[in-house]
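> Predicted model, plus sequence, below.
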Amino acid sequence: MYFLSALFLFTHASLGLAFPSKFSRQSASQNVENQPITIPLNSCTPDLQDAIHSGPIVVQGKTFKVLFDTGSQYLVLPGEGCSAQDGCFRSTKYNSIGMTRVSNKPFTLEYIAGPVETYQYMDTLKIGKLAMADTEVYSGVNATGFRVLGNSGIDGILGLSTQRSFEKSKSFIERLFPTHRLPSNEFCFALNTCRESKRNPSELTLGGRNISKYIGNMITLPLVDNHKGKWTVPLNSITVGNTTTSIDSYALIDTGAYESITSKAVLAPIVEVLGALPFLMLISGTSNVTGYAFPCRRAFSIHLPPISLDLASQPIFIPPSHFIKYVLTVRNVMRFNMSLPLTIMDDLYNPQGQDWCMLSFIAQEAQAGLSPNTLGIELLRNWYACFSEDVRGRRAVMLGRKIRPG
């Protein structure tokens, strides 16, 4: 997966309301036992505001706040024995006492921030009014990869992908959809900023879509066939102003991606326009991760062209306002192990120094088994996104122009 891509790049181990009103379903012939389930999402996460959108699930009667992540496929929760020293800062823990362990061998999930060592159990997951028995729970016992969450208020991750690294295990989505307990085999996200969500809350809808959240017809992006299970779509080119870079590749649409990922060559036109300076992100478990910083005033003093993505021959735009991830501070530089040029560090420590902003894209060269491009929150802030198992017989990501809060 690419989970919180700048924070948690997934590597090897690589997660009711009535019709017809505002909800629509994809197939009227399906045997409907339940209505769509809407889960409110919190977009005002401490430290990572606007970057993480979390919601509640219940396991063993305990409510866990999790990231719903289309870039991974596991339900990962902190175990009882995982302390803050081990990377588990939250007090809500998964109790495995009396539960059947699937394997006595630990299973390690690798993230960009480090590994998470887990044991696998089977338990009942409740999400909204839906209870799913025999759900795999990966209980973390040593979670270096969770450290970066810090004060975010997030307990764990629920992966919404289906790509598996071993055949016998099934993800939450793989277990849910064949039960036909929902009106349609799709789930949809409306992800707003913290400010927007006060009037128009972010949400996840399972088994349908909220037609009050978008306008016009949805754009269908068929998945890349050779990446079965992953929400990857064709990425043909990126255009910045009058400069088009042909890519002829594919991109993972990832609700857990804090920053979008591509190559240095693709980012070159954006970097040039902003006059951005590169820096290394020294993160355990990976290499050659490059971030970009630029004087914040440049984002407001020059005309920035939008980015146009050619996804499956459909032009998808990212507005200039989404180029900025956040204003750099000494705190987040230390937290995310950024190796910044001295000129920037001098400004950060000097109260009179100019403000520096971080570009919302990072560069990383392609690695075996991973998507070379990841499109995350920057894309999804502008679009209502549905992830469907059956669009005219094919899996697809569908995008609708999001209705902005009035």
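That came in fine, so what should we check first?
> quick one: the helices in this structure?
Using DSSP state H, the helices of the chain run over 5-8, 172-176, 194-197, 264-274, 298-301, 330-335, 342-349, 377-380.
> Show me where the stretch 301-406 of the chain dips below the pLDDT cut-off.
301-302, 366-370, 405-406 (pLDDT under 70).
> most tightly surrounded among the helices of the chain?
helix 5-8 (a mean of 28; mean count of other C-beta atoms under 10 Å). For the C-beta atoms, the positions are set from N, CA and C on the backbone; glycine is no exception.
> Need the mean per-residue confidence for that helix.
Average pLDDT, helix 5-8: 40.
> now do stretch 197-216
Stretch 197-216 comes out at a mean pLDDT of 93.
> Pull out the buried positions in it.
197, 200, 202-211, 213-214 (16 or more other C-beta atoms under 10 Å).
> could you redo those residues as JSON lines and give each row distance to L328?
Below are those laid out as JSON lines (distance: C-beta to C-beta, whole Å):
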{"residue": "S197", "distance to L328": "24"}
{"residue": "N200", "distance to L328": "29"}
{"residue": "S202", "distance to L328": "25"}
{"residue": "E203", "distance to L328": "31"}
{"residue": "L204", "distance to L328": "31"}
{"residue": "T205", "distance to L328": "35"}
{"residue": "L206", "distance to L328": "37"}
{"residue": "G207", "distance to L328": "41"}
{"residue": "G208", "distance to L328": "41"}
{"residue": "R209", "distance to L328": "37"}
{"residue": "N210", "distance to L328": "36"}
{"residue": "I211", "distance to L328": "40"}
{"residue": "K213", "distance to L328": "33"}
{"residue": "Y214", "distance to L328": "34"}
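> from those, which two are the most distant?
S197 and G207 (22.3 Å; C-beta to C-beta).
> A385: neighbouring residues, count only.
Here the number of neighbours of A385 (other C-beta atoms under 10 Å) works out to 25.
> what residues go with each domain of the chain?
2-210, 214-402 (automatic domain parsing).
> how distant is the last one from the center of its chain?
If I follow you right, that is domain 214-402. Distance of domain 214-402 from its chain centroid, counting by C-alpha atoms, centre = their mean, to the nearest Å, is 12 Å.
> still on that earlier bit, with distance to L282 added, can I get the helices of the chain in TSV?
As requested, those are exported to TSV (distance: least, C-beta to C-beta, whole Å):
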stretch	distance to L282
helix 5-8	12
helix 172-176	33
helix 194-197	29
helix 264-274	17
helix 298-301	26
helix 330-335	11
helix 342-349	14
helix 377-380	23
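> looking at those, which is closest to Q35?
helix 172-176 (14.6 Å).
> Can you tell me how far T124 is from E136?
11 Å (C-beta to C-beta, to the nearest Å).
> Could you check which of the two is surrounded by more residues?
Between T124 and E136, counted using other C-beta under 10 Å, E136 has the larger neighbour count: 21 against 13.
> Now for that one: which residues touch it?
74-75, 102, 120-122, 169-172 (C-beta atoms under 8 Å, 6 or more residues apart in numbering).
> Pull out the buried residues from the residues you listed.
74-75, 102, 120-121, 170-172.
> As CSV, the contacts of E136 with distance to E272 and pLDDT would be great.
Below are the contacts of E136 laid out as CSV (distance: C-beta to C-beta, whole Å; pLDDT from 0 to 100):
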residue, distance to E272, pLDDT
Y74, 39, 90
L75, 42, 94
V102, 51, 88
Q120, 47, 93
Y121, 51, 94
M122, 52, 93
S169, 45, 75
K170, 46, 84
S171, 41, 88
F172, 43, 92
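> Inside strands: which ones of those?
75, 120-122 (DSSP state E).
> so which of those comes closest to L223?
L75 (22.5 Å).
> do you know which of the helices of the chain lies nearest F361?
Per C-beta to C-beta, nearest to F361 of the helices of the chain: helix 264-274, 5.6 Å.
> tell me which strands and helices that closest one is in contact with?
strand 232-240, strand 243-253, strand 289-295, strand 356-359, strand 361-364 (3 or more C-beta pairs under 8 Å, 6 or more residues apart in numbering; DSSP states H and E).
> Let me know which of the ones you listed is the nearest to V273.
Nearest to V273, of the helices and strands packed on helix 264-274 and by C-beta to C-beta, is strand 232-240 at 6.8 Å.
> Ignoring the adjacent residues along the chain, who's closest to L223?
Distance criterion C-beta to C-beta, 6 or more residues apart in numbering; nearest residue to L223, sequence neighbours excluded, is R395 at 4.8 Å.
> The one you found: how many residues sit nearby?
20.
> My read is that it contacts I253, right?
No - using C-beta atoms under 8 Å as the test, R395 is too far from I253 to be in contact (11.8 Å).
> ok, L75 to G156 distance?
For L75, the distance to G156 - C-beta to C-beta - is 7 Å.
> repeat for M122
Taking C-beta to C-beta, one finds M122 at 16 Å from G156.
> Same question for A251.
Applying C-beta to C-beta to A251 and G156 gives a distance of 26 Å.
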